[in-house]
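Trainee: just to be clear, the model below is a prediction. Sequence and coordinates:
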Amino acid sequence: MLEYVEKIRKTAGKLFEEDKVDVFIGYKKGSLPMMNQPVLISNADQVDLLHWDSNCGLNLCNYLTKRTDRIGIVANGCNSRNIVTHITENQISRDQLYIVGIPCKGMIDHRAVQRAVKQKEILAIEEQGNTFTVKGKDFEDTFNKNDYLQRNCLVCTHRNPVIFDEMVAPPVEEQIEVDTYKDVKQIEGMDPEKKWNFFTRIIDKCIRCYACRNACPLCYCPTCFVDESNPQWVGKSSDPIDTMTFHILRAYHCAGRCTDCGACERVCPVGIPMRQFTKKLNKDAQELFSWEAGLTLDQRPLLDVFQPDDYNDFIR
Amino acid sequence: MGIEPGRLHFSWISSAEATKYVDVAREVAKEVKALGPAKHFIKKRAEVA
Ligand code: SF4
Ligand code: SF4
Ligand code: SF4
């Protein structure tokens, strides 16, 4: 990981020196452990801010929408797929971008680590390849990174960037034979009553802060349906039905577009597993239309194509 | 998500297809009636004054 940091800084520096970009988007160390932050730098003097480790779970593609300048950006597998989605949805153009690809070995689930140290305050985290050490006032623990991966990373099958101008390292081995949709299949097996109870239970702590929406690069509408007041599409209180409406519609707006980057789950202040909504749609897209979002620039997005020989009657 | 099959319908109707619209609306109403009143996804009026 630390070699990556050197390489990212060098590449960014070179891009500024050769006047190839106006801004470079990457991560910097967060003010709290395990919470790296996005950073936009605008000249070569700032490259030492750039950082990379297994706490870069926010999605940088958020910062690309409708920019007009030339941009350098780091991208691992899922972020690169969101960049592809942004390009095909005309939110940014390919020739504005210089993509520094990062082969990814997954992000650390900060909640799992917090649980492992019994919610004691973690003051520092250090990575050593496949293990990491967390330190606090009167404790120090070392864990295997693979036991503490984010849930989306455990089932990720696109760890290498799908689009890049340069890679910081050779590709990593992709995970094969992961059962990506095991959890979805379990839910599919429930009857409607059980499903309703399941989804009601997982969102019952939602405070409607919309952090999940803000963290998602797909949610770039100038005015989100939840913020609109004339007409008002959904109630703004934390009434359980309004909250369910928000979650169902948020997921539907991501249909055929979600890359399962996990940013939404990562940022939720109350730990709601809202990927259970989007994952079902990802599974349907894959099973019914052999579609995974953001894999290539050559295909139009799933929901913007129509085929006269569609097998469903209702569409004809 | 716990909404029974039959309660939710999708269709693609052009603004020029008035008769199709009527047919689909009738069909949907019939199927939903057969299922009976919904048990979930009903917003109750707020109980505050
Ligand atoms: S989803 Fe895949 S590419 Fe994205 S952070 Fe996890 S392992 Fe890396
Ligand atoms: S819905 Fe969540 S997992 Fe999917 S692209 Fe958005 S932030 Fe990533
Ligand atoms: S981030 Fe969590 S609490 Fe906030 S709106 Fe999303 S699910 Fe609800």
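Mentor: Now that the structure is in, tell me what you want to look at. Ligands and ions are numbered 1, 2, ... in the order given.

Trainee: so residue A:98 sits in a strand?
Mentor: Yes: counting by DSSP: H, G, I helix; E, B strand; the rest coil, residue A:98 is found in a strand.

Trainee: now do the same contact list for it.
Mentor: Residue A:98 sits next to A:15, A:20-21, A:70-73, A:165-166 when contact means C-beta atoms under 8 Å, 6 or more residues apart in numbering or on different chains. Using the backbone N, CA and C atoms, a C-beta is placed for each residue, glycine as well.

Trainee: if you look at those residues, which of them are in strands?
Mentor: When DSSP state E is applied, the contacts of residue A:98 are split such that A:71-73, A:166 fall in strands.

Trainee: now the buried members of the residues you listed.
Mentor: A:71-73 (16 or more other C-beta atoms under 10 Å in any protein chain shown).

Trainee: for these, which one is nearest ligand 3?
Mentor: Checking these against ligand 3 by C-beta to the nearest ligand atom gives residue A:73 as the nearest, at 24.5 Å.

Trainee: residues contacting that closest one?
Mentor: With C-beta under 8 Å, 6+ apart, residue A:73 has these contacts: A:24-26, A:60, A:64, A:83, A:97-100.

Trainee: do that again at 10 Å, thanks
Mentor: Applying C-beta atoms under 10 Å, 6 or more residues apart in numbering or on different chains to residue A:73 gives the contacts A:12, A:21, A:23-26, A:40, A:60-61, A:63-64, A:79-80, A:83, A:92, A:96-101, A:164-165.

Trainee: name the nearest residue to it, sequence neighbours excluded.
Mentor: In space, and not counting its chain neighbours, residue A:73 is closest to residue A:25: 4.4 Å by C-beta to C-beta, 6 or more residues apart in numbering or on different chains.

Trainee: so what's the residue count around residue A:302?
Mentor: 16 (other C-beta atoms under 10 Å in any protein chain shown).

Trainee: tell me the SS of the closest residue to ligand 2 within chain B?
Mentor: With C-beta to the nearest ligand atom, the shortest gap between chain B and ligand 2 falls at residue B:1, namely 15.9 Å. Under three-state DSSP, the three-state class of residue B:1 is coil.

Trainee: pretty sure it sits against residue A:247.
Mentor: Yes: in this structure, residue B:1 is within contact of residue A:247 by C-beta atoms under 10 Å, at 8.8 Å.

Trainee: those two: which has the busier surroundings?
Mentor: residue A:247 (22 against 19).

Trainee: and that one, what does it touch?
Mentor: A:199, A:202-203, A:206, A:208, A:212, A:272, A:274, A:276-278, B:1.

Trainee: same question for residue B:22.
Mentor: With C-beta under 10 Å, 6+ apart, residue B:22 has these contacts: residue B:13.

Trainee: C-alpha coordinates for the helix or strand it falls within, PDB please?
Mentor: Using DSSP states H and E, residue B:22 falls within helix B:18-35. This file holds the C-alpha atoms of helix B:18-35, laid out as PDB (Å, rounded to 0.1, in the frame of the first residue of the first chain):
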ATOM      1  CA  ALA B  18     -55.700   5.800 -25.100                       C
ATOM      2  CA  THR B  19     -57.500   2.500 -25.400                       C
ATOM      3  CA  LYS B  20     -54.500   0.600 -24.200                       C
ATOM      4  CA  TYR B  21     -54.400   2.900 -21.200                       C
ATOM      5  CA  VAL B  22     -58.000   2.100 -20.400                       C
ATOM      6  CA  ASP B  23     -57.500  -1.600 -20.800                       C
ATOM      7  CA  VAL B  24     -54.400  -1.700 -18.600                       C
ATOM      8  CA  ALA B  25     -56.100   0.400 -15.900                       C
ATOM      9  CA  ARG B  26     -59.100  -1.900 -15.800                       C
ATOM     10  CA  GLU B  27     -56.800  -5.000 -15.700                       C
ATOM     11  CA  VAL B  28     -54.700  -3.500 -12.800                       C
ATOM     12  CA  ALA B  29     -57.800  -2.500 -10.800                       C
ATOM     13  CA  LYS B  30     -59.200  -6.000 -11.200                       C
ATOM     14  CA  GLU B  31     -56.100  -7.700 -10.000                       C
ATOM     15  CA  VAL B  32     -55.600  -5.400  -7.100                       C
ATOM     16  CA  LYS B  33     -59.200  -5.800  -6.000                       C
ATOM     17  CA  ALA B  34     -58.800  -9.500  -6.100                       C
ATOM     18  CA  LEU B  35     -55.900  -9.200  -3.600                       C
END
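
Trainee: so which bits of it are buried?
Mentor: Of the residues in helix B:18-35, B:24, B:32 count as buried by neighbour count, 16+ other C-beta under 10 Å.
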